[in-house]
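[1] with the input below, show me the fold.
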Amino acid sequence: MNVMLAVVTATALVGGGALAVKASHDEQRYLRVASLTEEAQVAPKRVVIAIDLSKSNPLIDEPDFAAKVAARISDEIRGLGFASEVHVRTFGNYDAGSNNFHYDAVLSVRNRPEEVAAEVQKLIAGTPLLVRSGKWRAQGHTNILAFMDNVSQSVGCSGLPTTIILASDGIEDSEYARLQHRDAHLPAPDGKPFAGCAELQILGLGEGDNSPSETVRLRSEWGGWAHAAGFVHFQGLNDW
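    From the prediction side, this is the model:
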């Protein structure tokens, strides 16, 4: 910073146009190097983003809500350092043919956080259009637990601090539980498949149900399940 200030001061004293241009170039170069250095020093993390394509999730047909979720998730990615991993998947029905979308990125100088964040933001915000155009299919079930089991086996929590973000209403609708029924409960996890994982987030919890008490119930169900499964933190948001 002292070097940059010295250049700017010299420019002011001389008053020359050439020095002003040089100062501007030097400042831009300094800021660029400082940005790269800061990102390189941020400890790498892993973020797994899952888009719920089940018909109960307002994300698939409400562009404004999809844009809101997309903006929040992209902010998470922008804050990551180099060597961080970003994985995006879809879920809903319990069959591989319905959810074969994969996006995987490792952040680096050539694959910068803001670039990956912009790509993911565009993807999530575009979910209603992708569904409407038939490129993604709205699905009849919500297999969150089965999806999480697959994530624990395929990605896991080892190696990097890991956060899993579900863009979902959190209403499990599968052979495990029918959370649309108010007396239903999530089954206890089998051991601690996510031991060491930093956080589970559900964005849009209870969205579309228009019931604050239902959101609280769903938050309690998933919060208890997340801590039992090994997550250090849980965050379930209906709105923000």
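[2] please tell me how far the nearest residue to residue 221 once chain neighbours are set aside sits from residue 168.
    Distances taken as Cβ to Cβ, 6 or more residues apart in numbering put residue 186 closest to residue 221, at 5.1 Å, once the chain neighbours are dropped. Placement of C-beta: from N, CA and C, glycine included. From residue 186 over to residue 168 the distance is 14 Å, taken as Cβ to Cβ, to the nearest Å.
[3] ok now do the residue nearest to residue 221, which residues does it touch?
    145, 172, 176, 177, 179, 221, 222, 224, 225 (Cβ atoms under 8 Å, 6 or more residues apart in numbering).
[4] SS state for the third one?
    Spelled out, it's residue 176. coil (DSSP: H, G, I helix; E, B strand; the rest coil).
[5] contact partners for the closest residue to it other than its chain neighbours?
    For residue 176, ignoring the flanking residues on the chain, the nearest one in space by Cβ to Cβ, 6+ apart is residue 145 at 4.9 Å. Residue 145 makes contact with 172, 174, 176, 177, 186, 187, according to Cβ under 8 Å, 6+ apart.
[6] skipping its backbone neighbours, what lies nearest residue 83 in space?
    Nearest residue to residue 83, sequence neighbours excluded (Cβ to Cβ, 6+ apart): residue 44, at 3.9 Å.
[7] quick check: residue 152 vs residue 101, distance?
    From residue 152 to residue 101 the distance is 19 Å (Cβ to Cβ).
[8] more neighbours, those two?
    For residue 152 versus residue 101, neighbours defined as other Cβ atoms under 10 Å are more numerous around residue 152 (21 against 15).
[9] from memory the more buried one sits against residue 194, does it?
    Yes: between residue 152 and residue 194 there is a contact at 6.1 Å, judged by Cβ atoms under 8 Å.
[10] shared neighbours, the two?
    Contacts common to residue 152 and residue 194, judged by Cβ under 8 Å, 6+ apart, are absent.
[11] what about the residue nearest to residue 41 when sequence neighbours are not counted, distance to residue 173?
    Excluding the flanking residues, the one nearest residue 41 by Cβ to Cβ, 6+ apart is residue 81, at 7.0 Å. Computed as Cβ to Cβ, the residue 81 to residue 173 distance reads 37 Å.
[12] okay, now the unreliable bits of the protein?
    Along the chain, the parts satisfying pLDDT under 70 run over 1-40.
[13] more neighbours: which of residue 81 and residue 173?
    Set residue 81 next to residue 173 and count neighbours by other Cβ under 10 Å: residue 173 wins out with 22 against 15.
[14] the more buried one touches residue 181, doesn't it?
    No: counting by Cβ under 8 Å, residue 173 stays clear of residue 181, with 9.8 Å between them.
[15] dump the residue contacts of residue 185.
    177, 221.
[16] and it, which of the three is it?
    coil.
[17] the closest residue to residue 61 other than its chain neighbours: neighbouring residues, count only.
    The shortest distance from residue 61 to any non-neighbouring residue, by Cβ to Cβ, 6+ apart, is to residue 128 (5.3 Å). If you count neighbours by other Cβ under 10 Å, residue 128 ends up with 19.
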